[in-house]
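1. Generate coordinates for the sequence data below:
(3 chains)
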Amino acid sequence: MASEPLLSLESVSQVFTSRRGEIPAVRDVSLDLAAGTVLCLVGESGSGKTTTARIAAGLNRPTGGTVRFAGRDVWGGDRTAFREFRRSVQYVHQDPYASLNPIRTVFATLAGPMRRHRLVANRDEAWQKASELLERVDLTPPENFLTKYPHQLSGGQRQRVAVARALTLGPKLIIADESTSMLDVSIRISLLAMLSRLSTDLGVAFLFITHDLALAKYFGRDGDIAVMYLGRVVEYGPTREVIGTPRHPYTRALLAAIPEPDPELNARKRSAGSLLRSMDTPSLLRLPTGCTFHPRCPSWVEGECDVSVPRLEALDADARHEVACPPVLRQEADAAVPALSEQDGTG
Amino acid sequence: MTDEPVLAVRDLVVEYRTPAGPVRAVRGASFDLYEGESLALVGESGCGKTTLGLALLRLLPRLGSTPHGEVRYRRADGSTVDLLTMRKEQLRRFRWHEAAMVFQGAMNALNPVLRVQDQMYDTIRAHRSMSASAARKRCHEVLDMVRLEPRRVMPSYPHELSGGMRQRVLIAMALLLSPRVLVLDEPTTALDILTQRSIVDVLQELRRELGFAMVFVTHDLALAAELADRVATMYAGRIVELGDSRDVFAAPRHPYTAGLIRAVPPAVGEATEISSIPGGPPSLAALPPGCPFSVRCGLSAEVGDGDGPAGVCVQADPELTRTGERHEVACHYSDRVEFTREVVVDGV
Amino acid sequence: MTATVGTSTLESPTVVRKPVRPSRNVVRALTRSRSGTIGFVLVGLIVLVSLLGPLFTPDTLPTDTSSVYLPPSASHWLGTDSSGRDVLIQVINGGRTVIVVGFAAAILSTLIAIVFGSLAAYLGGVVDSVVTAATDIVLTVPQIALLAVLSSLYHLDNSLLLASLIGILSWPTLLRAVRAQVLSLREREYVEAAQLLDLGTARILSVEILPNMASFIVMNFMIGMTNAIYALVGLYFLGLAPLAGHNWGIMLNEAWTRGAIFDSDSVFYILSPVIAISLLQLGLVLMTRSLEELLNPRLRQD
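-> All right, here's what the predicted structure looks like:
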């Protein structure tokens, strides 16, 4: 990419120690996020997507690798760099019922950070700014909400307040960790549309964590997506391409498994669906050798997939679509050869 | 077989006692469930779908009651019985034997300090006298049915199993005494996508093999589209649309159902329109006059010239009326609901 | 092109409530629980009588050997003691020390527990190790035995000194509880959000964490107070603290050592301090119910 990424994770890993042994939650993950863009991180439970998000937010210090914000190593010991990073990256949690302090009003929640960092001079100014923030997140008229306590708000309204709180310090990146998964289907899209608007109006970048590929596809349609499985990124590239033509057998299985609100489409998907060899996700404490997906993969190659750990590689030289699956990559290369020779012939 | 429904619900009302007085969570629900059929109850949280599901087997919490209506169950021999007037002992026999419940949140529904086998044996022994070896055999059978390894699962404690395995254990337990009706509350919520898929496949397969009828409660329209023969949309304690799932998803006749479907982006292909329903469900303790959906209804606002909902919508709560052969809707303007949700798919 | 969103975003009809004055809210919350109200009245009465009563009663009572161990009568409502002094006046005069010492000791131990417990939990690392070790050491010291030793070394006639001693020995249990609570609250998502907003340790502790433990702290303060009162009365009863002045503990000790227990006429002499102490303790325990209503915003608002 031409411009320097806002946030980059350079082969970060996170190992947790538990009584039953070491848990490699995230292994060797590298991701780049440019200013004002969207990166979706999808995967099932145990995929490491939330741990990766927490590393990106500076809530977890990775046990390996480097986190760079605006080019500077945030754990490198430079305190001013870390503080700037801390204020520039905000997090919107999953549970709207736990993310707001139950004994503080919406105004107190929003005014606290602004006053602490001297962004407002007095209460009136804080009230004014808080009102503007609430309007940004579509809680109008703001006067109806500023004096409310969290328990007087609906789940969707709380989540909007959490977004407004994340905006108080003018962040450059917001990490949304399953922020809509606990909301009713009927209001998810409006929340996502609001977030999209923040991205265009304020130039905020988003790291969007979800288990729902359809939501990732909707919210991240102009950005990138990374599919994670058991702590590793298995497929990475522009969302349209990855979801439109998924290459990794895991991504394909996920897409095939999602039911659609359309019985006809479901019937068609079922007839085309791929079958996994096993329904059970392996434990992080006892990971399979080689490619961790091989015990479930419908198209694994014995002697290869169970032996060597696949690396993310681009499908072809000028594509940004990367897959960690050597058999798929070989297939792609084979398919590309005739096209190349044809080109050569004409040239 | 016969045209008689196995479960006929008529004008069922469920009330909860609250400090502020009784609140009606279900306000007169009627539907039939036929043998071998799968019916989905869908809607937002707080619409009464779970309450209705629980009321079908009289599993309401202590503060809930059914002051009105009937739930008629037809036994295999053709005799019918109203569940709401059953005595305790009859009801105890009825549950598990004739109809069983699969609760949401597989962790809470299983006793964390008992091994799976003990919980399964307890369930059998509470309802039927069976030798230890016969009980063991039956447990193996039902666990096989849900594609679990009996030898691995039976001696385990619930926390040693994954979420998907626990959910399958619950389904297996519900099947222990071969009921004819299964009620499931959010059977796949909080499970991973691939696990959800396996639960869905197991349920489909079992339904084909065993022929039980099922009612499942879900907020996930896609699951309803996948697993249900018929769909009932609930709003503010009422069924507002009821029909074959193909009809309902292809051409919903209630603006609320249409809104719900439009709110779900597709995973494959591109949808022409995706949008949320503005606002949220009304409080059951203080329903707006007339149709409770009118305040959020775009169609009603359109008919009413943008100046709030149309007059008739505010005046009268519409009754569920037949609009097609097997399609019922409660909307004054159901003939004006326009719905196009084209999903453009290439390939697949 | 894919997203069309309605303009109205109110997700539920906002019920406009008439604002209720906070003072009315407080009164309503305090009186909602009947047992809590009884507790408040009980404690209020005892405190009032104990603080104001001595203003209207003679400070020292003359001994009158002609009227020892009198049963209750019109002139002596609760009878007289071994020296012929009025028991009721002694009960009225004897409450102040007990209440003041109990209160001061509880304040001291609660403060120590909150400050060090929350810092240990929130900061972790060395601070946590040191505080936890200190707690374990103090916890293993037998309270009464240590007080007995101290009282034999020093003349513990100053009630504030006594309060400090009791307070300094009784914080470990509460500290452990505070530490556990803060450890759990520290993981709350809104605390994490506050950390990301760089609000600072002092502010996060005082604004985001501790207020959420208010009812827990008050409950424990009340329990601390009842424990301190028992410790105090126990010291006097066992004769470990010098028997100077008037208080319920001293009354109990005197009644006991002078054989009131063997005289059926003097039953009120020995029972009066016991009942006074029990009523105060009961009141404190019942009061916590109302305080819980007051400190929980959810209960307060709805």
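
2. Is the closest residue to B:E186 other than its chain neighbours in a helix, a strand, or coil?
-> Distances taken as CB to CB, 6 or more residues apart in numbering or on different chains put B:Q104 closest to B:E186, at 4.2 Å, once the chain neighbours are dropped. Bear in mind the C-beta positions are built from the backbone N, C-alpha and C, glycine included. Under DSSP: H, G, I helix; E, B strand; the rest coil, the three-state class of B:Q104 is coil.

3. tell me the pLDDT at B:Q104?
-> Among the per-residue scores, B:Q104 shows a pLDDT of 78.

4. do the same with A:L215
-> A:L215 carries a pLDDT value of 92.

5. Check whether it really touches A:L183, as I assumed.
-> No. Here A:L215 lies out of contact with A:L183, judged by CB atoms under 8 Å, at a distance of 11.0 Å.

6. what helix or strand is residue 162 on?
-> Chain wasn't specified; assuming chain A. Assessed by DSSP states H and E, A:A162 sits inside helix A:155-167.

7. think we crossed wires, I meant chain C
-> Short version, using DSSP H and E: C:L162 is in helix C:159-169.

8. In the stretch 201-348 of chain B, mark out all the helices, start to finish.
-> With helices called from DSSP state H, counting those that start in this stretch, the stretch 201-348 of chain B shows them at B:221-227, B:245-250, B:255-262, B:298-303, B:311-315.

9. tally of neighbours for the residue nearest to B:E186?
-> 19 (other CB atoms under 10 Å in any protein chain shown).

10. Chain C versus that one, what's the distance?
-> Using CB to the nearest CB, to the nearest Å, we find B:Q104 at a distance of 23 Å from chain C.

11. same check, this time on B:D185
-> For B:D185, the distance to chain C - CB to the nearest CB - is 24 Å.

12. which ones are touching the closest residue to that residue other than its chain neighbours?
-> Leaving aside its sequence neighbours, B:D185 sits nearest to B:Q104 (CB to CB, 6+ apart; 4.2 Å). B:Q104 makes contacts with B:50, B:185-187, B:189, as judged by CB atoms under 8 Å, 6 or more residues apart in numbering or on different chains.

13. go on, C:L183?
-> Taking CB under 8 Å, 6+ apart, one finds C:A121 in contact with C:L183.

14. where's it, which helix or strand?
-> Counting by DSSP H and E, C:L183 is part of helix C:172-186.

15. Kindly calculate the angle that the very next helix or strand once past that helix makes with helix C:172-186.
-> The helix or strand immediately downstream of helix C:172-186 is helix C:189-196, counting by DSSP H and E. Taking axes from the mean of the first three to the mean of the last three CA atoms, to 10 degrees, one finds helix C:189-196 and helix C:172-186 inclined to each other by 80 degrees.

16. Tell me if helix C:189-196 is near chain A.
-> Yes. Residues of helix C:189-196 are located near chain A by CB under 8 Å from any CB of the partner chain, namely C:189-190, C:192-196.

17. what's the closest non-adjacent residue to residue 74?
-> Using chain A here. A:F85 (4.5 Å).

18. oops, I was thinking of chain B
-> B:T80 (4.8 Å).

19. how many neighbours does the one you found have?
-> By other CB under 10 Å, neighbour count at B:T80 equals 12.

20. now A:L9
-> When neighbours are counted by other CB under 10 Å, A:L9 comes out with 21.

21. so what's it up against?
-> Neighbours of A:L9 in contact, by CB under 8 Å, 6+ apart: A:29-32, A:52, A:55-56, A:62, A:65-67.

22. mind redoing it with 6 Å?
-> By CB atoms under 6 Å, 6 or more residues apart in numbering or on different chains, the residues touching A:L9 are A:29-31, A:67.

23. for C:M251, same thing?
-> Counted by CB under 6 Å, 6+ apart, C:M251 has contacts C:90, C:94, C:273.

24. what number of residues lie near C:L271?
-> C:L271 is flanked by 17 other residues according to other CB under 10 Å.

25. Ok, the one 4 residues further on next?
-> C:I275 sits with 14 neighbouring residues when counted by other CB under 10 Å.

26. ok, now A:T147?
-> Neighbour tally, A:T147, other CB under 10 Å: 12.

27. Kindly report the residues of the stretch 201-348 of chain B close to chain C.
-> Residues of the stretch 201-348 of chain B lying near chain C by CB under 6 Å from any CB of the partner chain: B:274-275, B:278-280.

28. how many other residues sit next to B:S245?
-> B:S245, neighbours per other CB under 10 Å, totals 24.

29. ditto for B:Q117
-> By other CB under 10 Å, neighbour count at B:Q117 equals 17.

30. So which bits of the stretch 151-300 of chain A are right by chain B?
-> A:154, A:184-187, A:189-190, A:213-214, A:218, A:254-255, A:257-263, A:266, A:272, A:279.

31. Mind giving me the PyMOL command for buried ones among those?
-> To isolate the buried members of these in PyMOL, using 16 or more other CB atoms under 10 Å in any protein chain shown:
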select buried, chain A and resi 154+184+185+186+187+189+190+213+214+218+254+255+257+258+259+260+261+262+263+266+279
